[in-house]
Every structure is written in structure tokens, then in C-alpha cells.
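[1] this is a predicted model, with the sequence first.
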Amino acid sequence: MGQIVDNAIAWVQFQVVGGVKKCVAVAIAYAMIVVAICGVVVMVNPTRSGMLDGAPSVLLGIQGIIVAGITAFRITSTIQRDTTSKLLESHRLMPIDPRLAVLGYAAGGGLAVVPLAIVNLFLGAILTANASLPMTWWFWANGVLLSWSIFAWCIAAGGAMLGPGMGAFILAPLVLAFMSAGAVTLAVPGMAPMLSPLVGKTIFSAQTVGSEELVQWVICMALQLPVACVIVLAGARRFRCGDIPGLTGALGSALVLLFALSSIAAVLDPQFIPRHLGRSPANETPTIGTLIALMVLGAAVAMAHVARHAVEFPGRFRGASLWVRDAGVVSAVAGGAVAFLTAVPNLPRDWPTRTVWSVGQLVIVISAMLLWARCLVRWGSAVGLCLAVVGIWWVLPLFAGTLVDVNTLWQETPAGRAMLVSPLAMLSSIWGADGNHAQLPSLLLQLLVPGLAAALLLRPATPAEPLAVPSVASVADSPAPVDSHRL
């Protein structure tokens with residue numbers, strides 16, 4: 001309990017950004033700027049009423065940008081700086097729980113914006129009352145934004161521990177979703193519960209808070225909390241020892257299953273999708289998007305684990321435990337896909353057949369990427385080469401086929417069959433409006449090429465012949481060397 005309250009890393013990070021005096025000074029300056037702007041607006045338009053009715057939503061947007069966005073990226077940059085300067089090695093020597101250390105980085109960055117958030121809450125309450133808007137909405141919106149900001153801080157701190165740029169990489173989908181005003185949730189509905197400020201009517205629209213909003217927020221929190229815990233635990237493993245993989249097979253499988261649960265919650269209750277986006281697209285669009293997201297997430301988790309494990313533990317590269325963990329990730333992706341497709345309403349009558357083809361495609365693509373990861377790790381930069389394989393294998397056939405004819409994907413032509421070598425094209429074909437056009441030879445070809453590469457590159461090396469060590473007797477009986485200079 002003492003380490004939680006007296007977290008040395010949290011207080012150090014808070015002092016690095018300026019401490020109490022600087023944070024309070026920034027909050028006071030911000031309040032003066034907001035008051036000055038509001039005063040100018042009223043003075044320029046003294047006869048027009050309601051000029052400041054939209055001010056609370058503007059302040060809420062500023063609050064989100066500063067408290068959630070800027071603070072989360074500052075946490076990642078701080079951890080990256082400490083890693084580069086070797087200061088993180090000093091922190092590892094401290095008698096502190098690794099999980100609390102990761103949370104200390106998150107809390108230290110979050111404490112710096114607390115004075116600003118309090119000032120913004122007070123100013124927004126005044127403007128909300130002036131605009132005759134529901135006061136419950138203002139405090140409710142700030143509460144939702146605060147809980148989501150803590151979620152962003154935790155995944156930023158845990159992700160940044162996993163490696164250079166990983167924190168920003170994990171935050172990128174959330175940032176893109178906000179920049180698109182939640183439009184990405186139309187194609188990948190599983191992202192909606194991870195974006196609690198944009199759920200339903202969104203917190204930026206003044207509304208009366210009811211039981212529906214409360215239930216949605218509880219579900220979002222129930223899904224965000226375990227996701228944050230998984231990423232924090234992965235970051236804690238890396239903090240404990242920088243030479244071990246952070247995201248293990250078990251944690252990666254849990255992450256995949258949580259995304260599947262989030263997708264199921266979103267398809268069962270369409271109110272999670274932001275209402276300003278209008279009607280949801282055709283049923284196959286979120287289905288294909290979710291399956292592709294599951295495939296990419298599972299392949300990324302498994303490849304990262306295999307590549308790092310192979311580099312750091314070369315003696316156990318072919319160990320049975322590594323294959324068991326990979327099988328767990330593959331099983332999590334397959335099970336998540338089946339559970340999601342079972343929950344999707346209004347699927348075509350032949351959805352069981354399409355589900356079997358889809359699960360087969362997911363299992364094959366992740367198994368193939370695992371084989372590629374094992375092969376490419378022998379050549380050096382496994383991550384870069386795996387990305388190159390993804391581009392050549394997933395994107396190039398699809399792009400080359402569309403250059404010939406946009407409609408060849410859904411036609412029984414040689415060009416259409418060639419495009420099905422790409423997993424993206426195969427999933428689109430399986431769930432296309434014209435029915436199932438999955439081709440078994442294309443699926444087998446996806447696994448055949450990396451299988452042959454693995455068979456050639458992962459063969460055990462032939463043991464070298466032992467060097468002949470002369471015995472003591474043979475050395476004694478051997479003639480003495482002749483000195484040529486004496487001859």
C-alpha cells in the first residue's frame with residue numbers, strides 16, 4: 001500500500017514536468033485566456049444572445065486533447081527518453097513492483113494536467129449554466145473523458161515499455177478513430193467500446209444522461225479495464241527484465257479474445273456506433289473488417305513473440321513450449337472469430353459454410369506468418385522483413401488484380417483466382433454479396449510457400465566433426481621442431 005501512495009517514479013515524473021508551481025501557473029494562465037476570449041466575444045456581439053452556448057463543447061474538446069492526447073504521447077516520449085539515456089536501467093534497481101513502476105509513469109504524466117483539468121471543469125460548469133444546458137451532462141461528460149484518459153495513459157505507458165515506438169503504435173488506432181469522428185467503427189465495430197467518449201450520441205452533444213448512457217459506459221469500462229491490465233502486465237515484464245519478451249502468448253491470446261468480446265458487444269448493440277454517422281453499412285462490411293482486424297492482431301502478436309523469443313533465446317528457438325504458445329494465439333483468433341460470427345445478426349443462410357472458410361483462412365494466415373517469422377529471424381531484421389512479406393503477400397496480389405479489372409475479385413477467372421492468394425481478397429470474396437468463392441488451392445498455396453521455406457531454413461544444422469586433440473603420449477613421442485636458422 002505504501003508503494004502505491006509513495007510511488008517514487010510517479011513523483012519523479014511529476015517533478016520533471018515542472019511540479020506543483022509550474023502546473024498551477026499553467027492552469028491559471030489558461031483560465032485567464034479563456035475568460036479573456038469569452039469577454040471579447042460578448043463585447044463584440046453585445047446584442048446577440050447565446051453566443052457562448054457552444055463554449056462548453058469547445059472546452060470539452062480542449063480537455064480531451066490536452067488530458068488524453070498530449071499527456072498520453074508525452075508519457076510514451078518520457079519512457080523512450082529514459083530508455084535511450086539508460087535511466088530505465090537505474091529504475092530497475094529500485095525496490096518497486098514492476099506493475100507499480102509502469103503505473104507510476106502513467107500517473108506521473110497524468111498528475112501534471114490535474115490543475116488544468118480542475119480549472120477547465122470549473123469554467124465549463126459556469127458556461128454550461130449560462131447556456132441553460134443540463135449540468136448533469138457536463139459532469140457526466142468530464143467523468144467519461146477522465147476514465148478514458150486514464151485508459152489511454154495506461155496503454156501508453158505499458159506499450160512504450162515493450163519497445164521503441166510501441167506506445168505510439170498502440171495509440172495510433174485510437175487517434176485515427178478520433179480524427180475520423182468514429183467513422184472507423186463502421187468497418188471495425190470492435191473499436192467502438194474502446195472509444196467511450198464517442199459512443200452513442202457522444203459526450204460532445206449536450207444531452208440528458210439516462211440509464212442507456214450509464215449501461216454503455218459500464219460496458220465500455222468493463223472492456224477497457226482488462227485491455228489496460230494486459231498491456232500494463234506486458235510492460236511490467238519488460239520493466240522487470242529488458243531481455244525477455246513482454247507480450248507473452250497468454251497475454252497476446254487474452255488481447256485477441258478481448259477484442260473479439262468488444263466486437264460482439266458492438267454488433268449486439270448498434271447504439272455503440274456514434275449516431276452522427278447515420279445508418280450502419282451493409283452487414284458484410286463490419287464482418288469483413290472485424291475478421292481482418294482479428295487476423296492482423298493475431299499475426300502481429302504471434303510474430304512479435306516469436307521474433308523476440310528467437311533472438312533472445314536462440315537455444316530454445318525450436319522448443320516445444322514456443323509452438324504451444326503459438327497454438328494458443330491461433331486458437332484464440334479462431335475462437336474469437338467463431339464467437340463473433342455467431343453473434344452477428346442477419347447473416348446469410350449459408351453463414352456456417354462461410355464461417356468455416358473464414359476460420360480456415362485466419363488459421364492459415366497466422367500459421368503462415370509464424371513460419372515466416374521463424375524463417376526471417378535467421379536473416380536479421382525480422383520485423384522489417386515480416387512487414388515486407390505482408391506487403392508482397394497481402395497487398396500486391398489485390399492491387400495487381402484490381403489494375404486488370406476491378407470486378408475480377410468476384411469472378412471465376414484466372415485473375416480472380418490469383419487475387420485470392422491475398423488473405424484480404426479471400427475474406428472479401430467469402431463474405432461478398434455474390435456468395436462464397438473461396439478456393440481451396442489458393443488457401444493451400446498461402447501455407448505451402450512459407451512451409452517450404454521453413455522446411456529448408458529451419459533444418460537442424462549438421463554437427464561439425466570434433467577436432468582431434470592430441471594425447472600427452474603422442475606429444476611426447478613427436479620429434480622436436482627443427483630450427484632452420486641453426487642449419
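    Yep, it's here.

[2] who are the neighbours in contact with residue 73?
    Neighbouring residues of residue 73 by Cβ atoms under 8 Å, 6 or more residues apart in numbering: 156, 167-168, 171. For every residue, glycine as well, the C-beta is placed using N, CA and C.

[3] which pair of those residues spans the longest distance?
    The two members of the contacts of residue 73 with the most space between them (Cβ to Cβ) are 156 and 168, at 8.3 Å.

[4] what touches both of the two?
    With contacts taken as Cβ under 8 Å, 6+ apart, the residues that reach both residue 156 and residue 168 are 73, 76.

[5] which of the two has more residues huddled nearby?
    Neighbours per residue (other Cβ atoms under 10 Å) separate residue 156 from residue 168, with residue 156 holding more: 31 against 17.

[6] how much space separates the more buried one from residue 44?
    40 Å (Cβ to Cβ, to the nearest Å).

[7] again with residue 297
    Residue 297 sits 51 Å away from residue 44 when distances are taken as Cβ to Cβ.

[8] which one of these two is surrounded by more residues?
    More neighbours surround residue 297 than the other of residue 297 and residue 44, with 21 against 9 (other Cβ under 10 Å).

[9] show me where pLDDT drops low in the stretch 351-487 of the chain?
    Residues of the stretch 351-487 of the chain meeting the criterion pLDDT under 70: 373-419, 433-439, 453-487.

[10] same question for the chain.
    Within the chain, the ranges that satisfy pLDDT under 70 run 1-6, 46-51, 243, 278-283, 304-326, 373-419, 433-439, 453-487.

[11] export the contacts of residue 73 as a markdown table, with columns for secondary structure.
    As requested, those are exported to a markdown table (DSSP: H, G, I helix; E, B strand; the rest coil):
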| residue | secondary structure |
| --- | --- |
| 156 | helix |
| 167 | helix |
| 168 | helix |
| 171 | helix |
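
[12] from the residues you listed, pick the one nearest residue 115.
    Each of the contacts of residue 73 was scored against residue 115 by Cβ to Cβ, and residue 156 proved nearest at 20.6 Å.

[13] residues contacting the closest one?
    Taking Cβ under 8 Å, 6+ apart as the definition of contact, the neighbours of residue 156 are 72-73, 75-76, 106, 167, 170-171.

[14] how about a cut-off of 6 Å?
    Remark: with contacts taken as Cβ atoms under 6 Å, 6 or more residues apart in numbering, residue 156 is in contact with 72, 75-76, 167, 171.

[15] do I have it right that residue 247 meets residue 233?
    No - proximity of residue 247 to residue 233 does not meet the contact threshold set by Cβ atoms under 6 Å, at 9.2 Å.

[16] what about residue 241, how many neighbours?
    Under the neighbour criterion other Cβ under 10 Å, residue 241 is assigned a count of 10.

[17] distance of it from residue 105?
    Noted for residue 241: a distance of 17 Å to residue 105, by Cβ to Cβ.

[18] and for residue 171?
    Using Cβ to Cβ, one gets 14 Å for the distance from residue 171 to residue 105.

[19] what's the closest non-adjacent residue to residue 254?
    Setting aside the residues directly before and after it, residue 254 is nearest to residue 230 in space (Cβ to Cβ, 6 or more residues apart in numbering), at 5.3 Å.

[20] I'd assumed residue 250 was in contact with that neighbour.
    No - the pair residue 230 and residue 250 does not pass the contact test of Cβ under 6 Å, sitting 9.4 Å apart.

[21] these two - which one has more neighbours?
    residue 230 (21 against 14).

[22] who's in contact with the more buried one?
    251, 254-255.

[23] coming back round to it: do you know how far the residue nearest to residue 254 is from residue 154?
    Between residue 230 and residue 154 the distance, using Cβ to Cβ, works out to 10 Å.

[24] equivalent analysis for residue 12, please.
    The value you get for residue 12 to residue 154, if Cβ to Cβ is used, is 18 Å.

[25] check residue 422 too.
    In this view, residue 422 and residue 154 are 36 Å apart by Cβ to Cβ.

[26] could you do residue 112 as well?
    Residue 112 is 16 Å from residue 154, where distance means Cβ to Cβ.

[27] thanks a lot, see you next time.
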